[in-house]
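Enquirer: The amino acid sequence is not available; the structure is as follows:
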């Protein structure tokens, strides 16, 4: 028996018995094969023949026996990895059923690591050497920069050369000099053991009380979900790391999900300080070699803690005891292509199947989590004060209707005076605007033409630092033209509205002697460069920080005492049912960057609508009043979390074909009508063309208890998609574009 097998995983298939194998190929059923020589366990990862190819699969159960036995082929081999456990198979089945995703796509999501079928072997790996580099070249510097960025991780020769953008000979030359070390190691090594009691910090009474409850829940060995709500700067991370420590003491595995890769490096440092060693990492920034190692070690129980992006939820944990979803309100937890799932919700599902605990941590939780805590479905722990001597910032509105602001300027005189004062006192100020680039629209002053993307119905955004126009929808970019593409008149193209780069330009004019730093994801080529700038800013190497949404996410700048929000009204526009909630969350998160050390902070919001209920709620600080009012509105409308919704996006290169399908679906919605659901549309999507494909939306709304998945499957199953027609069904949509 494989060491990961337990008493409920003992189904064994003798050689020649029929087994059902689920593959990651786009097929609509489990395929029959004969068990190989030596037999195989239920859940075993296997290699099977499919036509002329060899593909990866999982033994999903007994064979169906509905195929000519003479034509049934045998499993080629069983892979030397831990079998997929029963709770993992159940999890994939449940997620697939909830999101209406084919099981082949679910298995692809759970096997996103290269070389899983490779036999154990040795390999040459490369890491930072000890010798000083005497003769430096640009190519050699790139190699050393990559090794420094990844903090001691090892690379294969090809990975290191590719990451650095140099030839393999450059790496080999550095090996000869001793600046890079070449080692023979087993292909996949266990992760160092973490020490639960290594570096625990002294907690405040508030923190200690919450940590004790989490530790007690963790020790119970049962399922439960806790909303850990704490004001920004209250020390939520140290509290949930105590739950991780208890999980490690129990001999179980912990998973911490983070919303942004940019946060990972700082968090890994904190984990290492707390537990003595680094955890395993799973996100797009780690190498393919490291991904395979993490996947295998997680399955063997040789990775105690994983810090990762949302897809880490699908790793094959041997004994998952705790899932932490940090900044649980963040929209990046929703996967918007491929398998459409919300990692926050699926974390709760996975924990329930593993008898594990879930901690949802946020200063501004989503309404769904707030409602579950209010109803008693989730436990709720609150941290109401900042850690140490820091206090919450004072929040005020700047009424832009009474400010004397020249045209093409966005920083009000009141905000300028506040920034002047902070700079004079040797403190830092942050100016926030939730728009990347220089200007959101470029218009021709001769004919009025707005430059749009050739592939999408979206305006192109000027990025002046890059001297290019970019489409934030599909990524298309082109050089900034001098001639209008419509009327061909020269030098009449003008930027309209501010982006973060334009705001920086204005700030340079207003404060020519100040050190100004722009923090936007477009501005940095790598996570290493971004991390370096954030550390430099935290150390005081900037007077004024100008940032996008990136700055709202967990960064700590001790000298920052003023936050100025340039356009607090921006998120209140549009018809998104979550617009008020997201504006409230973002403004509170941004304001929370101020005054996290000794000096008291202040947050000033420029608004043309100071009487708007959301603005009043942000300024008043009565969060429960805001959530209660928002909940009442949602309940009255019968929308999430008090109702069910599903978005259907149809797309094709032929606009008529996509509307014909949409109209047919709206007319033939009997399965949905039977459960009392309403169908709205078809209508052009707000962005009606993306990458050359026309997009049409339908929206389905039903009562909370309605069996919406079954009805949607029956409804969609009536229609055959011809040509390049595509249909995407999004249960619980988070965006409506």
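Expert: Everything's here; your move. Values in this document were obtained by computation on a predicted structure and should not be read as measured data. Numbering: from 1, shown residues only.

Enquirer: Number of residues surrounding the residue lying closest to residue 318 once chain neighbours are set aside?
Expert: Once flanking residues are discounted, residue 318 sits nearest to residue 301: 4.0 Å by CB to CB, 6 or more residues apart in numbering. (C-beta placed from N, C-alpha, C; glycine too.) When neighbours are counted by other CB atoms under 10 Å, residue 301 registers 17.

Enquirer: Go ahead and confirm residue 301 touches residue 320.
Expert: No: with contact defined as CB atoms under 8 Å, residue 301 does not reach residue 320; the gap is 10.4 Å.

Enquirer: anything in contact with each of these two?
Expert: Here residue 301 and residue 320 have residue 253 as joint contacts, going by CB atoms under 8 Å, 6 or more residues apart in numbering.

Enquirer: And the longest strand seen in the chain, what does it pack against?
Expert: Ranked by residue count, the top strand of the chain under DSSP state E comes out as strand 678-690. Contacts defined by 3 or more CB pairs under 8 Å, 6 or more residues apart in numbering; DSSP states H and E place strand 678-690 against strand 643-652, helix 655-667, strand 693-703.

Enquirer: Using a markdown table, lay out those together with mean neighbour count.
Expert: Below are those laid out as a markdown table (neighbours: other CB atoms under 10 Å):
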| stretch | mean neighbour count |
| --- | --- |
| strand 643-652 | 21 |
| helix 655-667 | 16 |
| strand 693-703 | 21 |
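
Enquirer: need the ones you listed in a markdown table with distance to residue 385 and mean pLDDT, can you?
Expert: A markdown table is the format used below for the helices and strands packed on strand 678-690 (distance: least, CB to CB, whole Å; pLDDT from 0 to 100):
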| stretch | distance to residue 385 | mean pLDDT |
| --- | --- | --- |
| strand 643-652 | 36 | 94 |
| helix 655-667 | 52 | 95 |
| strand 693-703 | 41 | 93 |
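
Enquirer: closest to residue 454 out of these?
Expert: strand 693-703 (13.1 Å; CB to CB).

Enquirer: Which helix or strand lies directly C-terminal to the closest one?
Expert: Under the assignment DSSP states H and E, the closest C-terminal helix or strand after strand 693-703 is helix 708-716.

Enquirer: Within its sheet, name the partner strands of the helix or strand following that following helix and how each one runs.
Expert: Using DSSP H and E, the helix or strand that follows helix 708-716 in sequence is strand 726-731. In the sheet, strand 726-731 lines up against strand 643-652 (antiparallel) (DSSP bridges).

Enquirer: Number of residues surrounding residue 76?
Expert: The tally of other residues near residue 76 (other CB under 10 Å) stands at 14.

Enquirer: Just give me the neighbour total for the nearest residue to residue 230 once chain neighbours are set aside.
Expert: Computed as CB to CB, 6+ apart, the closest residue to residue 230 that is not its neighbour in sequence is residue 383, at 3.1 Å. Neighbourhood size, residue 383 [other CB under 10 Å]: 22.

Enquirer: what are the phi and psi angles of the residue nearest to residue 318?
Expert: When read as degrees, to the nearest 10, the backbone of residue 301 gives phi 80, psi 10.

Enquirer: what do you get for residue 183?
Expert: Torsion angles, degrees, to the nearest 10, at residue 183: phi -130, psi 150.

Enquirer: That one and residue 190, how far apart?
Expert: Going from residue 183 to residue 190 by CB to CB, to the nearest Å gives 17 Å.

Enquirer: The two - which one has more neighbours?
Expert: Between residue 183 and residue 190, counted using other CB under 10 Å, residue 190 has the larger neighbour count: 14 against 11.

Enquirer: Secondary structure class of the more buried one, three-state.
Expert: At residue 190 the chain is in coil, as set by DSSP: H, G, I helix; E, B strand; the rest coil.

Enquirer: show me what contacts it?
Expert: When the contact criterion is CB under 8 Å, 6+ apart, the partners of residue 190 are 297, 300, 302-303.

Enquirer: and if you look at residue 724?
Expert: Residue 724 neighbours (CB under 8 Å, 6+ apart): 652-654, 693.

Enquirer: how does it look with 6 Å?
Expert: Going by CB atoms under 6 Å, 6 or more residues apart in numbering, residue 724 touches 652-653.

Enquirer: Now it. Its backbone dihedrals?
Expert: Here is the backbone geometry of residue 724 (degrees, to the nearest 10): phi -100, psi 20.

Enquirer: how much space is there between residue 675 and residue 669?
Expert: Taking CB to CB, one finds residue 675 at 11 Å from residue 669.

Enquirer: oh, I was asking about residue 110
Expert: Residue 110 sits at a distance of 33 Å from residue 669 (criterion: CB to CB).

Enquirer: Tell me what the residue nearest to residue 377 when sequence neighbours are not counted is bridged to.
Expert: Nearest residue to residue 377, sequence neighbours excluded (CB to CB, 6+ apart): residue 225, at 7.6 Å. Beta bridges link residue 225 to residue 358 when assigned by DSSP bridges.

Enquirer: sorry, back to before: run me through the strand neighbours of the longest strand of the chain, direction for each.
Expert: Partners of strand 678-690 in the sheet, by DSSP bridges, are strand 693-703 (antiparallel).

Enquirer: ok and the strand it pairs with relative to helix 708-716, angle-wise?
Expert: 130 degrees (axes from the mean of the first three to the mean of the last three CA atoms, to 10 degrees).

Enquirer: got a list of contacts for strand 693-703?
Expert: 644-651, 653, 655, 658-659, 662, 677-683, 685, 688, 708.

Enquirer: Was I right to think residue 48 contacts residue 75?
Expert: Yes: contact criterion CB atoms under 6 Å: residue 48 and residue 75 qualify, at 5.5 Å.

Enquirer: so what's in contact with these two at the same time?
Expert: Joint contacts of residue 48 and residue 75 (CB under 6 Å, 6+ apart) are residue 33.

Enquirer: now the worst-scoring helix or strand of the chain on mean pLDDT, how far from the chain's geometric center?
Expert: Every helix and strand in the chain was compared by mean pLDDT, DSSP states H and E; the lowest is helix 527-538, with a mean of 74. Relative to the chain's own centre, helix 527-538 is displaced by 20 Å; criterion: CA atoms, centre = their mean, to the nearest Å.
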